[in-house]
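Asker: Here's a sequence, model it:
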Amino acid sequence: MVSLKNVTIVNENNIIFSDINFNVNSGELVFLIGKTGTGKSSLLKVLYGDLPLNSGQGSIVGFDLTQLKEKQIPKLRRKLGVVFQDFKLLTDRTIFENLSFVLKATGWKEKDKIDQRVSEVLDMVNVNSNDKKYPFELSGGEQQRVAIARALLNHPELIIADEPTGNLDPETSHEIMQLFSELHQGGISLIMATHDYNMIVKFPGKIYQCNQGSLNEVVAKK
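Answerer: Alright, predicted model coming up:
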């Protein structure tokens, strides 16, 4: 699913990671942990094509990251779902319009199929009754559920989530993590950057720690 070998990651001329290795197999739940500024987001940006991979070998869902061209990035992102801390919903469009826009942008043509798929993913995250509302009319937890629905639209093999509970209260965070857990149990692979160690204990998976330019797998404490 994901393989990085002897990779160095550079962002704005700063070396973020040196000579790291990182692997995710199909069906795994993987947490990236570490303090703010240790490179979690930079690593994820490499995986979804927002930062180039200049050193080492890397692949994700069949794409060679060392050879990835800009015109290939939309095709890569059709096979990935990406969820952000700040939701990144279009504020001037309804929830339905936010999701249908993504489908149209990724090649869906038939209105009936677009309508059906939007309804399906909103059902999956339990916000179907809100599809005519605008993002500002929803709570933070509801907005994040919509963002997760958006990530599911194109039947992704892998979801990448960057601090998806970072702007949410503890109770809502737990609900969102429960949703991710259900998606994982349904067969979707997940990579999640988080600083919420309580969630890692409640939803166990493989853990990698980012620290001072290195990335190391760690064993969760019981």
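Asker: What is the three-state secondary structure of the spatially most distant residue from the centre of the chain?
Answerer: What lies farthest from the middle of the chain is Asp112; by CA atoms, centre = their mean that is 27.4 Å. Here Asp112 takes the helix state, with states given by DSSP: H, G, I helix; E, B strand; the rest coil.
Asker: List the contacts of Val24.
Answerer: With contact set as CB atoms under 8 Å, 6 or more residues apart in numbering, Val24 has these partners: 1-2, 30, 158, 189, 191, 206. For the C-beta atoms, the positions are set from N, CA and C on the backbone; glycine is no exception.
Asker: Next one: it relative to Leu4, how far apart?
Answerer: Plainly put, Val24 is 9 Å away from Leu4 if you go by CB to CB, to the nearest Å.
Asker: Give me the distance between the residue farthest from the centre of the chain and Leu103.
Answerer: Between Asp112 and Leu103 the distance is 12 Å, computed by CB to CB.
Asker: any common contacting residues for those two?
Answerer: Counting by CB under 8 Å, 6+ apart, nothing touches both Asp112 and Leu103.
Asker: Near Thr66, how many other residues are there?
Answerer: Residues near Thr66, counting by other CB atoms under 10 Å, number 14.
Asker: Same question for Lys111.
Answerer: Lys111 has 10 nearby residues by other CB under 10 Å.
Asker: what's the pLDDT at it?
Answerer: Looking at Lys111, its pLDDT is 95.
Asker: tell me the contacts of it?
Answerer: If you count contacts by CB under 8 Å, 6+ apart, Lys111 has none.
Asker: cool, and Gly107?
Answerer: Residues in contact with Gly107 (CB under 8 Å, 6+ apart) are Arg78.
Asker: how about 10 Å then?
Answerer: The contact partners of Gly107, by CB atoms under 10 Å, 6 or more residues apart in numbering, come to 74-75, 78, 154.
Asker: Produce a ChimeraX select command limited to the buried residues of those residues.
Answerer: To isolate the buried members of the contacts of Gly107 in ChimeraX, using 16 or more other CB atoms under 10 Å:
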select :78,154
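Asker: Relative to Ser59, which of the contacts of Gly107 is nearest.
Answerer: When the contacts of Gly107 are compared for distance to Ser59 (CB to CB), Lys75 wins out at 14.1 Å.
Asker: excluding its backbone neighbours, what's nearest the closest one?
Answerer: Leaving aside its chain neighbours, Lys75 sits nearest to Phe63 (7.9 Å; criterion: CB to CB, 6 or more residues apart in numbering).
Asker: Quick check: neighbours shared by Val24 and Leu4?
Answerer: Taking CB under 10 Å, 6+ apart as the contact rule, Val24 and Leu4 both touch 47, 60.
Asker: Who are the contact partners of Gln67?
Answerer: Gln67 makes contact with 53, 58-59, according to CB under 10 Å, 6+ apart.
Asker: Can you classify it by secondary structure?
Answerer: Judged by three-state DSSP, the three-state class of Gln67 is coil.
Asker: Could you check how far it is from Gln57?
Answerer: Distance check for Gln67 against Gln57: by CB to CB, it reads 10 Å.
Asker: Brilliant, that's me finished.
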